[in-house]
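Engineer: task: produce atomic coordinates for the following.
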Amino acid sequence: MKKSTLFIAALVAGMTMSAQVLINNGPFVSHPGQGPGGADASALDTATHSTYGFGHQLANFNRVADDFTIPANTYWFIDSLIVYGYQTGSSTTSTMTHIDFFIWDANLGTGTVLYGDTASNLFDGSTFSNCYRTRTFDLATANTRPIMRTVHKFSPQLMLGPGTYWVDWRCGGTLASGPWANPVTIPSQVNMGNAQQKIGAGAFAALADAKLNSTVALPFQLKGTVSAAGIDENSVVLNMNVWPNPVTEVANVGILLANGANLTDYSFSLVDVLGKEVYNVANLTSGNLQINCTEFPAGVYMYRLTDANGTVKSGKINVVK
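Structural biologist: Numbering: from 1, shown residues only. Got it, this is the predicted structure:
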């Protein structure tokens, strides 16, 4: 679908916001209070499904993905991403130690990356969700798959405007099994959604439960604040973000233009505190850049996106050693 996308890694003055869950991508608790020890259960119905969870293992370069849509005239300031999964055989103390992820525009795997990379561990904690992955006939006893909630906290907030996006992620942990992404689970419902999986160096493909080849959705949450006013949707440059910031090695740049705009009309540069240009790419051919910042002395640099009329977007990035 066509979309208008906006990203600003800052708060905008004058907006009225309230903290909330921006999206809860489907329930996975099917039997509240009926799991081991009185915890909740996410029960696999063996009459219709056969897959406990889907591989998104750091060690095997496997990834999973699902999409979300922000309504028209709405802007999200995202504080945190929460994903769910388990390692078979763990206790209720989480064994998760790693998450990396991308947030894409509407084109998963081939479009513009708006945030994330595979080089950084974006892990900010993991705890027991108070739910076990079980089967419908062993709700109270199947305690080998405690589902964990793994968190990344955005700083500064990530802002996205109206449109459809994909988040793809992988996790790592200290046990040999998994991590496995538990699916959205709704009793008596067979088809759930349009989640995707990437195995190793392969391409993303639709996830399906092996029993009936039914579609899958994956639970995740985005938390933050929401606004419905104060943003200019007519800007040609809909998105420009530079991350991580501060940076020690490689800085990533994501640039998204409005439909019909031409990247080759723009240049991207870095300038040091003395005004000396230390990096420049003229007539851009890609909305994603990677800058090797190990070549630069520590300090604050100004980044600028320019066209024939001058600077369009700018900001500061801190290079640390």
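
Engineer: pLDDT weak spots in the stretch 101-250 of the chain?
Structural biologist: Low-confidence segments of the stretch 101-250 of the chain, defined by pLDDT under 70, span residues 228-235.

Engineer: can you rerun that using 50?
Structural biologist: 230, 233-234 (pLDDT under 50).

Engineer: for it, just list every one of the strands.
Structural biologist: 113-117, 126-135, 146-160, 163-173, 180-181, 196-198, 205-206, 220-227, 237-243, 250-257 (DSSP state E, counting those that start in this stretch).

Engineer: now the last one: buried residues?
Structural biologist: Spelled out, that is strand 250-257. By neighbour count, with 16 or more other C-beta atoms under 10 Å as the criterion, the buried positions of strand 250-257 are 251, 252, 253, 254, 255, 256, 257. Any C-beta I mention is one placed from the backbone N, CA and C, and that applies to glycine too.

Engineer: ok, now the third one?
Structural biologist: Taking 16+ other C-beta under 10 Å as the basis for neighbour counts, the residues of strand 146-160 that come out buried are 146, 147, 148, 149, 150, 151, 152, 154, 157, 158, 159, 160.

Engineer: tabulate the buried residues of strand 250-257 (CSV), appending distance to residue 310 and pLDDT.
Structural biologist: Shown next, in CSV, are the buried residues of strand 250-257 (distance: C-beta to C-beta, whole Å; pLDDT from 0 to 100):
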residue, distance to residue 310, pLDDT
251, 23, 91
252, 25, 90
253, 19, 91
254, 22, 88
255, 17, 87
256, 20, 80
257, 17, 80
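
Engineer: farthest pair in those residues?
Structural biologist: Farthest pair in the buried residues of strand 250-257 (C-beta to C-beta) is 251 and 257. Separation: 19.9 Å.

Engineer: before we move on, the earlier item: make CSV from the buried residues of strand 146-160 and add distance to residue 197 to it.
Structural biologist: Compiled in CSV, the buried residues of strand 146-160 are given as follows (distance: C-beta to C-beta, whole Å):
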residue, distance to residue 197
146, 22
147, 18
148, 19
149, 20
150, 18
151, 22
152, 20
154, 25
157, 29
158, 24
159, 28
160, 24
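
Engineer: what is the neighbour count of residue 188?
Structural biologist: Using other C-beta atoms under 10 Å, residue 188 has 7 other residues around it.

Engineer: cool, and residue 25?
Structural biologist: Applying other C-beta under 10 Å, we find 21 residues neighbouring residue 25.

Engineer: check what pLDDT it gets.
Structural biologist: Note on residue 25: pLDDT of 96.

Engineer: surely it is in contact with residue 65?
Structural biologist: No - taking C-beta atoms under 8 Å as the definition, residue 25 is not a contact partner of residue 65, at 11.2 Å.

Engineer: shared neighbours of these two, anything?
Structural biologist: Each of residue 218 lies in contact with both residue 25 and residue 65 under the rule C-beta atoms under 8 Å, 6 or more residues apart in numbering.

Engineer: for residue 300, give its distance to residue 312.
Structural biologist: 21 Å (C-beta to C-beta, to the nearest Å).

Engineer: which SS state does residue 37 fall under?
Structural biologist: Reduced to three states with DSSP: H, G, I helix; E, B strand; the rest coil, the structure at residue 37 is helix.

Engineer: picking that back up, rebuild the strands of the stretch 101-250 of the chain as JSON lines, extending it with distance to residue 37.
Structural biologist: Supplementary listing: the strands of the stretch 101-250 of the chain in JSON lines, determined by distance: least, C-beta to C-beta, whole Å:
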{"stretch": "strand 113-117", "distance to residue 37": "36"}
{"stretch": "strand 126-135", "distance to residue 37": "9"}
{"stretch": "strand 146-160", "distance to residue 37": "10"}
{"stretch": "strand 163-173", "distance to residue 37": "22"}
{"stretch": "strand 180-181", "distance to residue 37": "21"}
{"stretch": "strand 196-198", "distance to residue 37": "31"}
{"stretch": "strand 205-206", "distance to residue 37": "36"}
{"stretch": "strand 220-227", "distance to residue 37": "24"}
{"stretch": "strand 237-243", "distance to residue 37": "41"}
{"stretch": "strand 250-257", "distance to residue 37": "43"}
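
Engineer: for residue 96, which of those is the nearest?
Structural biologist: When the strands of the stretch 101-250 of the chain are ranked by proximity to residue 96, the top entry is strand 126-135, at 3.9 Å, counting by C-beta to C-beta.
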